[in-house]
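Trainee: I need the structure of the sequence given here:
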Amino acid sequence: MNSEELRICENNMRYKFCPHCGGKLSLEETFSLSRPKCVNCSRIFYQNPAVGVAAIIIRNKKILLGRRRNSSHRDMWCIPCGYVEYYEDAKEALIREMKEETNLDIKLSTVFDIHSNFHNPAQHTVGIWFLVEEHLGDIAPGDDVEALDFFSTAEIKEQNIVLAFPTDVRILDDLINKGLIR
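Mentor: The predicted structure is shown next:
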């Protein structure tokens, strides 16, 4: 790793001090990976990604999108999603998140896709998109969402809807290619 790459890695470290002893963290290269290591206690601080889950809900070849509120992506749209909490199973997290964001009880079908999300340099996430079915409840925005609606890709373009996450664009393209949405 050259000095410029090292500087970039150090600037993107989520933490500067050891969560165990409070010592300064410095980068150590191990197996071609740069990991923060404490200069005092020698513990390596693994910067693992957070896991996010998203529900693909389709009606009449249109996909459900939510307009975000209270975040850096305010007023942008996304496939309804959320983070898996430390104690949760990914499937249980999706069921909880969809109840919080859409007021829907859902039935999970299959995993549609998995992608690494690098849109936030401070927090690498791995997203899991599930195909799901509406089970109970009336759609109503809640939690981090201020509006919900079903859109075709033509409507997304016509209404100049800005998607919050680049990976959602990839998912929409894959859904179109598989004939699941239009």
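Trainee: residues touching the closest residue to Ile79 other than its chain neighbours, list them.
Mentor: What sits nearest to Ile79 in space, not counting adjacent residues and going by Cβ to Cβ, 6 or more residues apart in numbering, is Ala54, at 4.6 Å. (Each C-beta comes from the backbone N, C-alpha and C, glycine too.) Ala54 makes contacts with Cys78, Ile79, Pro80, Cys81, Leu94, Gly127, Ile128, Trp129, Phe130, Asp168, Ile171, as judged by Cβ atoms under 8 Å, 6 or more residues apart in numbering.
Trainee: Now that we have the residues you listed, which of them are buried?
Mentor: For the contacts of Ala54, a burial check counting by 16 or more other Cβ atoms under 10 Å picks out Cys78, Ile79, Pro80, Cys81, Leu94, Gly127, Ile128, Trp129, Phe130, Asp168, Ile171.
Trainee: Relative to Ser32, how far out is the residue sitting furthest away from the middle of the chain?
Mentor: Residue farthest from the centre of the chain, counting by Cα atoms, centre = their mean, is Asn40 at 34.2 Å. Counting by Cβ to Cβ, to the nearest Å, the separation of Asn40 from Ser32 is 25 Å.
Trainee: ok, now His124?
Mentor: Between His124 and Ser32 the distance, using Cβ to Cβ, works out to 17 Å.
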